[in-house]
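[1] Got a predicted model here, sequence first, then my questions.
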Amino acid sequence: MTTAHRIKNHREVQRSEHTTIRYTASGPVTGPTLALIHGWGCARSDFDAVTDHLPENYRVLAIDLAEHGESRSTRTEWTMAEFARDVAAVLEAESVDSAVVAGHSLGGAVAVEVGRLLPEVVTHVVALDALHYLSLFPAQSDDQAAAMVRLFEDEFATAVRGLVEGGSPDGTDPALMDAYFEKMVAVRQPAGTRAIEGLIRWDMDAALRETKQPITVFAIRDLVTQAAIDRYADRFEFVLNDLGSHHFPVEAPEGTAKLLASVAIPQAFADCS
């Protein structure tokens, strides 16, 4: 697959509660649409290189969720469903009537909620190393959730460091881990803490019961447990890879683009291989 070096147009859409969602659009408006959602504490720029490796006929929309990247908001609701409305606002602004929605990490939960919100628009949900972490995605007990939220409230840097280490297979470059930590620990507050609380308290199993689209999980092999596969193999298509750490879209953009293309438009992937 060749690098396209796309022209990226930076746009914004206004929502209620002084919410401005900024996003990048590239590719022909008539092409198949792929919406990309970053993870917690990250930004749409994580997908810049991935976008350049996608087939030129794709319409790609990379979106900054509220209070991430260049998007801003004064709202007080930080649920996965509300983040999904950020994405839906972009799809509406771009007059999208059919799209594959892919999300990394927390963005995978948001992608599920977009599918749930827009069943006639979203044709496939893709999770990039998301949905399989059993300590984050399935609903926790009230006590478990409260303890995790309290850690982020009381020892935020320690909690963020734990997320980075948990997403780093053995042998991950410590300098790379430090870079991810510095990026994520700088997430805007109070949205950062409240967003992670929204994920911890998200009831994925309930959401999945109302999400009809096929779901593909592209996961780092060394980070997936057999317990997660056993629990969700009848709902997710698990595709394991060895492209790096939890942040593999940043580390292996060409490989990530090939994975996305293989799901979004298999024939396009074959033509561009």
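    Alright, I've got the coordinates.
[2] all strands for the stretch 151-273 of the chain, in order.
    Counting by DSSP state E, counting those that start in this stretch, the stretch 151-273 of the chain has these strands, from start to end: 215-220, 236-241.
[3] my bad, should have said the stretch 1-150 of the chain
    According to DSSP E, counting those that start in this stretch, the strands that the stretch 1-150 of the chain contains are 9-15, 19-26, 33-37, 59-63, 99-104, 122-128.
[4] Can you give the distance of the last one from its chain's centre?
    Spelled out, that is strand 122-128. 10 Å (Cα atoms, centre = their mean, to the nearest Å).
[5] What of the first one?
    A distance of 19 Å separates the C-alpha centroid of strand 9-15 from that of its chain, computed with Cα atoms, centre = their mean.
[6] pLDDT averaged over it, what's the number?
    pLDDT averaged over strand 9-15 equals 96, rounded to a whole number.
[7] who touches it?
    Residues lying outside strand 9-15 but in contact with it, judged by Cβ atoms under 8 Å, 6 or more residues apart in numbering, are 20-26, 73, 85-86, 89-90, 92-93. Bear in mind the C-beta positions are built from the backbone N, C-alpha and C, glycine included.
[8] ok, now stretch 242-258?
    By Cβ under 8 Å, 6+ apart, the list of residues contacting stretch 242-258 from outside reads 1, 3, 39, 46-47, 49-54, 104-105, 128-129, 166-169, 172, 176-177, 180, 218, 220-223, 241, 269, 273.
[9] what ranges of the protein fall below the confidence cut-off?
    1-4, 265-273 (pLDDT under 70).
[10] what are the ranges of the helices in it?
    Assigned by DSSP state H, the chain shows helices spanning 48-52, 80-93, 106-117, 142-154, 156-166, 174-185, 191-200, 204-209, 226-232, 248-251, 253-264, 266-272.
[11] Contact partners for Val160?
    Applying Cβ under 8 Å, 6+ apart as the definition, the contact partners of Val160 turn out to be 41, 181, 184-185.
[12] any idea how far it is from Thr193?
    Val160 sits at a distance of 10 Å from Thr193 (criterion: Cβ to Cβ, to the nearest Å).
[13] again with Arg11
    Arg11 sits 29 Å away from Thr193, going by Cβ to Cβ.
[14] if we can go back for a sec, now a ChimeraX select for only the buried ones of the contacts of strand 9-15.
    Isolation of the buried members of those (16 or more other Cβ atoms under 10 Å) is achieved in ChimeraX through the command below:
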select :21,22,23,24,25,26,73,85,86,89,90,93
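[15] Need the max-distance pair from the contacts of strand 9-15.
    In terms of Cβ to Cβ, the contacts of strand 9-15 reach their longest pairwise distance at Ser26 and Ser73, which sit 24.3 Å apart.
[16] Check the burial of Phe238 by counting its neighbours.
    Each residue near Phe238 was counted by other Cβ atoms under 10 Å, and the total is 18.
[17] bridging residues for the residue nearest to it when sequence neighbours are not counted?
    Spatially, and ignoring its direct neighbours in sequence, Phe238 is nearest to Val217 (5.3 Å; Cβ to Cβ, 6 or more residues apart in numbering). Residues in a beta bridge with Val217, per DSSP bridges, are Ala127, Phe238.
[18] Quick check: Val217 touching Glu237?
    Yes. Val217 sits in contact with Glu237 when judged by Cβ atoms under 8 Å, with a separation of 6.9 Å.
[19] between the two, which one's more packed in?
    Taking Val217 and Glu237 together and counting by other Cβ under 10 Å, Val217 has the greater number of neighbours (24 against 14).
[20] Now do that one against Leu54, distance only.
    Relative to Leu54, Val217 is positioned 19 Å away (Cβ to Cβ).
[21] same deal with Asp222?
    With the distance defined as Cβ to Cβ, Asp222 ends up 26 Å from Leu54.
[22] which of those two has more neighbours?
    Remark: of Asp222 and Leu54, Leu54 carries more neighbours, 32 against 13, as counted by other Cβ under 10 Å.
[23] quick one: contacts for the nearest residue to Asp86 once chain neighbours are set aside?
    Distances taken as Cβ to Cβ, 6+ apart put Ile21 closest to Asp86, at 4.9 Å, once the chain neighbours are dropped. Under the criterion of Cβ under 8 Å, 6+ apart, the contact partners of Ile21 comprise 12-15, 63-66, 71, 86, 89-90.
[24] right, so the helices of the chain: which one is the most enclosed?
    Scoring the helices of the chain by mean neighbour count under mean count of other Cβ atoms under 10 Å gives helix 106-117 as the most buried, with a mean of 28.
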